[in-house]
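# Mind folding the following:
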Amino acid sequence: MFALGFFLLAGLLCQSLGQYDYYDEYYIPSAPLEGVSSPTCAQECECPLNFPTAMYCNERNLKFVPIVPTGIKYLYLQNNLIEEIKTGVFDNATDLRWLVLDNNNITSDKIQAGTIDKLSKLEKLLFSNNKLTKPPGPLSKSLDELKLIGNQLSSFPANTLSGMENLTTIHLSKNKLTTESITGAFKGLKSLVLLDVSENKLKKPPAGVPSSLLMLYADNNDIDSIPSGYLAKLPVLQYLRVSHNKLVDSGIPAGVFNVSSLLELDLSFNKLKSIPEINESLEHLYLQVNEINKFDLTNICKFSSPVNYSRLRTLRLDGNNITHSSMPDDTANCLRQASEIIFD
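Down below sits the predicted model:
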């Protein structure tokens with residue numbers, strides 16, 4: 001399982017480096033091509049003899065979840081035509097750790113009681129690109145990753161994730177969630193490091209997120225302001241992405257982004273007219289396609305000296321109303337570590 005863990009970690013890290021593309025697929029190993037399955041395996045699937053704890057049922061046009069035999073820890077059901085999860089299919093799967101259900105047609109009302117809620121050792125639930133209107137549950141307290149991308153979620157009850165102290169990553173992008181519908185949803189998640197709520201209907205960043213958070217992605221929403229002191233409550237946050245929203249200068253309180261933990265800040269594709277105040281520790285600042293009309297160097301460097309300067313390596317200002325000639329004379333001293341400053 002070391003190899004699987006390595007690829008999962010690599011996928012997480014790739015999300016947080018530089019200007020980026022979201023990944024939509026999880027690393028799923030293919031079934032070994034040996035043609036021999038365990039005799040207890042469901043006939044619709046494969047259970048390789050050299051990986052006896054895995055059952056591969058992916059890409060088989062299945063319309064149902066087969067009975068899972070005892071001893072299976074990793075179950076791959078992605079890319080099928082499954083519409084429901086019937087009672088009894090997981091009765092013997094008391095050791096199941098990973099359940100992959102991406103790219104099916106499952107609706108919330110077709111997940112019967114006594115199925116997913118019985119999987120007390122489940123660590124990863126990958127349930128993207130289905131037709132869920134609410135999160136499945138109750139879920140295992142052992143869960144460390146929840147992925148519900150591309151469903152039709154419009155509600156997320158506050159107690160859904162209660163007591164899940166091992167949960168580290170939550171992917172909720174491409175749904176219909178509002179700011180109100182996720183209020184209190186992430187309270188008490190002491191291990192949470194990544195929260196992705198991109199492509200929803202939020203008007204404010206999610207409230208009540210735990211102080212352990214390292215990465216918060218809220219691109220492609222309707223966010224028009226950041227609450228005062230919002231980042232002060234997230235003392236280890238390193239990556240904040242709020243591109244493709246409706247942010248304006250009046251919705252950015254003074255100093256709200258001036259926190260020393262932040263390494264990457266993406267405010268591109270908004271309606272800002274000035275460069276917001278940032279901390280000198282920030283390394284990547286994306287402001288392309290706003291309405292910025294002046295280069296206010298003091299919001300990047302309060303003053304410059306041999307020991308006081310910005311750590312910015314990337315600054316994007318293309319698609320605004322300023323050019324290279326707009327930079328003040330002292331810019332080179334302030335941005336001495338910058339390797340990429342982009343105008344039109």
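# Grab the most central residue of the protein for me.
Nearest to the geometric centre of the chain sits Asp196, at 2.9 Å (C-alpha atoms, centre = their mean).
# from memory it sits against Leu177, does it?
No: taking contacts as C-beta atoms under 8 Å, Asp196 lies outside contact range of Leu177: 11.3 Å. For glycine as for every other residue, the C-beta is placed from the backbone atoms N, C-alpha and C.
# Phi, psi for the residue nearest to the centre of the chain please.
Per-residue torsions, Asp196: phi -120, psi 110 (degrees, to the nearest 10).
# same thing with Arg316?
Main-chain dihedrals, Arg316, degrees, to the nearest 10: phi -110, psi 120.
# how about it, what does it touch?
Arg316 makes contacts with 19, 268, 285-288, 340, 342, as judged by C-beta atoms under 8 Å, 6 or more residues apart in numbering.
# Redo these as JSON lines? Include pLDDT, secondary structure and neighbour count.
Listed next are the contacts of Arg316 as JSON lines, based on pLDDT from 0 to 100; DSSP: H, G, I helix; E, B strand; the rest coil; neighbours: other C-beta atoms under 10 Å:
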{"residue": "Gln19", "pLDDT": "54", "secondary structure": "coil", "neighbour count": "14"}
{"residue": "Ser268", "pLDDT": "98", "secondary structure": "coil", "neighbour count": "23"}
{"residue": "Leu285", "pLDDT": "98", "secondary structure": "strand", "neighbour count": "24"}
{"residue": "Tyr286", "pLDDT": "98", "secondary structure": "strand", "neighbour count": "24"}
{"residue": "Leu287", "pLDDT": "98", "secondary structure": "coil", "neighbour count": "24"}
{"residue": "Gln288", "pLDDT": "98", "secondary structure": "coil", "neighbour count": "21"}
{"residue": "Glu340", "pLDDT": "96", "secondary structure": "strand", "neighbour count": "12"}
{"residue": "Ile342", "pLDDT": "96", "secondary structure": "strand", "neighbour count": "14"}
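# Which pair of those spans the longest distance?
Largest separation among the contacts of Arg316 by C-beta to C-beta: Ser268 and Glu340, giving 14.2 Å.
# Quick check: buried residues in stretch 154-170?
Residues of stretch 154-170 classed as buried: 155-156, 160-162, 164, 166-170 (neighbour count, 16 or more other C-beta atoms under 10 Å).
# what is the rounded mean pLDDT of stretch 65-80?
The average pLDDT for stretch 65-80 rounds to 97.
# Name the next helix or strand downstream of the worst-scoring helix or strand of the chain on mean pLDDT, please.
Least confident helix or strand, the chain: helix 2-15 with a mean of 42, by mean pLDDT, DSSP states H and E. Later in the chain than helix 2-15, the nearest helix or strand by DSSP states H and E is strand 54-56.
# How far does that next one sit from its chain's centre?
26 Å (C-alpha atoms, centre = their mean, to the nearest Å).
# what packs against the helix or strand that it is followed by?
As assigned by DSSP H and E, the chain's next helix or strand after strand 54-56 is strand 74-76. Applying 3 or more C-beta pairs under 8 Å, 6 or more residues apart in numbering; DSSP states H and E, one finds that strand 74-76 makes contact with strand 54-56, strand 98-100.
# any weak-confidence spans in the chain?
The chain contains residues with pLDDT under 70 at 1-35.
# now the strands for it?
Assigned by DSSP state E, the chain shows strands spanning 54-56, 74-76, 98-100, 124-126, 145-147, 169-171, 194-196, 215-217, 239-241, 264-266, 284-286, 314-316, 340-342.
# Give me the buried positions along the second one.
Right, the one you point to is strand 74-76. Those would be 74-76, for strand 74-76 by 16+ other C-beta under 10 Å.
# possible to save the residues you listed as a markdown table with distance to Pro66?
What follows is those, written out as a markdown table (distance: C-beta to C-beta, whole Å):
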| residue | distance to Pro66 |
| --- | --- |
| Tyr74 | 15 |
| Leu75 | 10 |
| Tyr76 | 12 |
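# quick one: Glu83 and Asp109 touch, right?
No: using C-beta under 8 Å, Glu83 is not in contact with Asp109, being 10.6 Å away.
# Between these two, point out the one with more neighbours.
A direct count of neighbours by other C-beta atoms under 10 Å for Glu83 and Asp109 places Glu83 higher, at 14 against 11.
# Which residue is the nearest non-sequential neighbour of that one?
The shortest distance from Glu83 to any non-neighbouring residue, by C-beta to C-beta, 6 or more residues apart in numbering, is to Asn105 (4.9 Å).
# ok, the nearest residue to Pro253 once chain neighbours are set aside - how many residues close by?
Nearest non-adjacent residue to Pro253, counting by C-beta to C-beta, 6+ apart: Ser228, 4.0 Å away. The tally of other residues near Ser228 (other C-beta under 10 Å) stands at 12.
# Equivalent analysis for Asn308, please.
Neighbour number of Asn308 under other C-beta under 10 Å is 12.
# do the one 3 residues further on as well
Arg311 sits with 15 neighbouring residues when counted by other C-beta under 10 Å.
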